[in-house]
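J.: Next one to model:
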Amino acid sequence: MPLKKLFTTKRITATTIGLTVMCLVQNFGYYAIFSWMPTILSQKYGYSLAQTSGWMVISIAGMVLGIILFGILADKIGRKKTFALWYIGGTIYCVIYFFFFTSQASLLWGSFLLGFTVNGMMGGYGAVIAENYPSEARSTAENIIFGTGRGLSGFGPAIIGYLATGGSLIGVMSLVFVIYPIALIFMWFTVPETKGIEID
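T.: Numbers count the residues shown, from 1 in each chain. Sure, this is the predicted structure:
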């Protein structure tokens, strides 16, 4: 079974776990932030439906640019260094965005870099997963690893909502910044650099 190819050795097993954590963190951040931010903007900052839609459009534009730039950098400086840049950037920018941006204008236009840092790393998962497994297990790896991470991250909005019960929703949202260093550690110590390798 191709699934066994994801756990054939200790190194490959560690890589599979590391990549799953990376996918979990990326999707957790995405779902947690982009599920709750429209509510925060509406209730706390008085955004209208049109303004909330504008926030989404600006953040998606940032995400698209982030994905494109991520792919270019990953081919130039390597997969691990590029992921590290985005994890560090996501950590720093989430702190800035949730702790220091308090006006409608800053939250609106600041969402461009939020989309860029939080979602730009989506440009790297297809390559880094494919490059770590043989051809007979490659599609299995893509689906199992990313699907598992994405499935578990679906609990993100519920966790944020539960933690915010009786408290500050945006205060809980600001805690999202702690997940990116976790992904950075797993990535750096379990996932090998695959830039320039020839896959079979």
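
J.: got a list of what residue 149 touches?
T.: Residues near residue 149 by Cβ atoms under 8 Å, 6 or more residues apart in numbering: 19, 20, 21, 22, 23, 24, 25, 26, 27. Where C-beta positions appear, they are placed from N, C-alpha and C, glycine not excepted.

J.: Buried only: go through these for me.
T.: When neighbours are counted using 16 or more other Cβ atoms under 10 Å, these contain these buried positions: 19, 20, 21, 22, 23, 24, 25, 26, 27.

J.: per-residue confidence for residue 159?
T.: On the pLDDT scale, residue 159 is placed at 85.

J.: what's the spacing between the spatially closest residue to it that is not a sequence neighbour and residue 184?
T.: In space, and not counting its chain neighbours, residue 159 is closest to residue 32: 7.5 Å by Cβ to Cβ, 6 or more residues apart in numbering. With distances taken as Cβ to Cβ, to the nearest Å, residue 32 is found 18 Å from residue 184.

J.: So which residue is dead centre in this protein?
T.: The C-alpha lying nearest the average C-alpha coordinate of the chain belongs to residue 26 (Cα atoms, centre = their mean; 2.1 Å).
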